[in-house]
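In: Quick one: sequence plus predicted model below, questions after.
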Amino acid sequence: MKSAKTPTYILVSLLFFAAIGLLTGLYAGLVRLGLLAGSSSAISPMAHGPLMINGFLGALIGLERAAALENKWAYFAPVLMAASTVLMLSGWLVPGGWALILGSIGLTLVMSYLQYLQPKVYHLIMALGAASLLVGNLLYVYGYQIYTLVGWWAAFPMLTIFGERLELNRIMRPPKQAQQLFAGLILGWILALAITHINRIVGWSIVSVLLIGISGWLIKYDIARRTVKAAQWTRYSAICLLSGYGWLILAGLFGLFIGFATAGPLYDGLLHMIFVGFVFSMIFAHASVIIPSLSGKLVPWHRYFYLPLILLHGFLVTRVIGDLIWMPVVRKIGSYGNVLAIILFLGGIMIQLIRKSLRQRKQKTQVSKQTINSNN
């Protein structure tokens, strides 16, 4: 049974906490790269992963699903994810860890409930993504090494996006057999993740092959192939989507031929092909839809948004090259550039919203003056 529509100020408040998770996660990543070396930082560099996955993506995706469902209980997931950010930043690591687990349980319940209400393949895929986050968080809280669980963390945004793209691609009407193939590739991918705990080399080789297959399927059947010929946000989103799928193919080839190291430059390169090349391309692609759905504010289009997109991909190429040739300076340049691209994108969104608000206020003032003059 649905409740009354959630007040906008609550949605905006939770969106603000997701932004805090993003910004502090980016800062922790810079600290990990050596920013403020030799001095103490308020944020641990080891918090980079948990903040980006849970504080940002967990809170944002949980909020988006809760807003779509319009059930009060569904908001427990993003609230707990936001609480985990506050607790971890305050040094309360144990309560923060429990908030992560409870938040991911809540998100899994929300996604499973959506599958119960509308039993579709895309809802099942998104539910599996939330369950993957729960697995990763359980392993994290119980002290497993990050390299053993980061695949589960990556599965969360990836499967959520895969499910959403399949839902939207109903317009393209992919054949039933093609949809079954897509679901089979994803189920096999999750099984391969589990195999990595038994044999890392074999498991990740299978993961890589299936990742290439999933990306190829998306390129063939995604509506982005048509909308790339459109204009403004629609064309921009299509370019983001197709470039993100390209990074997934590169990540698959990288993992297949180079493997997945447990640390170091190659580990960094593969992870950021997925998290920056794919996930942030998807965020750039969907921002013009997500922000209005949560804040009620449409983001006006501007060609400026191509700048952060170009910088995102250009600096990621620089970062990966630095990883491959083992040159820390090149890697750092690419890493700092990626953070800059994300900040520029967020800044552009904020500026466009502020400019729109000022224009609307000016128009209202002019209308009021005209009304007063006509009455006089």
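Out: Nice, I can see it.

In: helices or strands up against the helix or strand containing Leu353?
Out: Assigned by DSSP states H and E, Leu353 belongs to helix 328-375. With contacts defined as 3 or more C-beta pairs under 8 Å, 6 or more residues apart in numbering; DSSP states H and E, helix 328-375 has these neighbours: helix 8-32, helix 265-272, helix 281-295, helix 306-324. Glycine gets a C-beta too; all of them are placed from N, C-alpha and C.

In: One more pass at 7 Å, please.
Out: Under the contact criterion of 3 or more C-beta pairs under 7 Å, 6 or more residues apart in numbering; DSSP states H and E, helix 328-375 touches helix 8-32, helix 281-295, helix 306-324.

In: Quick check: what element follows the longest one along the chain?
Out: Same thing as helix 8-32. Immediately after helix 8-32, counting by DSSP H and E, sits helix 48-50.

In: which one of the helices and strands packed on helix 328-375 lies closest to Asn137?
Out: Set against Asn137 and scored by C-beta to C-beta, the helices and strands packed on helix 328-375 come closest in helix 8-32, at 14.3 Å.

In: and the angle for the helix holding Leu353 with helix 306-324?
Out: Relative orientation of helix 328-375 versus helix 306-324 (axes from the mean of the first three to the mean of the last three C-alpha atoms, to 10 degrees): 170 degrees.

In: one step back: and the helices and strands packed on helix 328-375: which comes nearest Ser205?
Out: Of the helices and strands packed on helix 328-375, nearest to Ser205 by C-beta to C-beta is helix 306-324, at 19.2 Å.

In: List the buried residues in that closest one.
Out: By 16 or more other C-beta atoms under 10 Å, the buried positions in helix 306-324 come out as 308-309, 311-313, 315-316, 318-320, 322-323.

In: Kindly indicate which of those residues lies nearest Leu294.
Out: Pro308 (20.4 Å).

In: Now do that closest one, the pLDDT please.
Out: pLDDT, Pro308: 97.

In: Also Phe257?
Out: Turning to Phe257, the model gives it a pLDDT of 89.

In: what's the answer for Lys120, then?
Out: For Lys120, the model assigns a pLDDT of 89.

In: could I get the helices and strands packed on helix 328-375 as CSV with distance to Val121?
Out: CSV is the format used below for the helices and strands packed on helix 328-375 (distance: least, C-beta to C-beta, whole Å):
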stretch, distance to Val121
helix 8-32, 27
helix 281-295, 19
helix 306-324, 30
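
In: which one of those helices lies closest to Pro45?
Out: In terms of C-beta to C-beta, the element of these nearest to Pro45 is helix 8-32, at 3.6 Å.

In: which outside residues touch the closest one?
Out: Helix 8-32 is contacted by residues 41, 43-45, 47-48, 51-52, 55-56, 59-60, 63, 67, 78, 82, 85, 89, 294-296, 339, 342 when judged by C-beta atoms under 7 Å, 6 or more residues apart in numbering.

In: Pipe the buried residues of helix 306-324 into a markdown table and attach distance to Ala238 per row.
Out: Output for the buried residues of helix 306-324, formatted as a markdown table (distance: C-beta to C-beta, whole Å):
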| residue | distance to Ala238 |
| --- | --- |
| Pro308 | 17 |
| Leu309 | 12 |
| Leu311 | 19 |
| Leu312 | 16 |
| His313 | 15 |
| Phe315 | 22 |
| Leu316 | 19 |
| Thr318 | 25 |
| Arg319 | 25 |
| Val320 | 24 |
| Gly322 | 29 |
| Asp323 | 29 |
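
In: Quick check: the residue nearest to Gly55 when sequence neighbours are not counted vs Leu89, distance?
Out: Excluding the flanking residues, the one nearest Gly55 by C-beta to C-beta, 6 or more residues apart in numbering is Gly21, at 2.6 Å. The gap separating Gly21 from Leu89 is 9 Å, by C-beta to C-beta, to the nearest Å.

In: Low-confidence ranges, the stretch 51-200 of the chain, go.
Out: Within the stretch 51-200 of the chain, the segments meeting pLDDT under 70 span 170-172.

In: in it, which spans are helices?
Out: Here the stretch 51-200 of the chain has its helices, by DSSP state H, counting those that start in this stretch, at 59-69, 76-89, 93-117, 121-141, 146-168, 176-195, 200-221.
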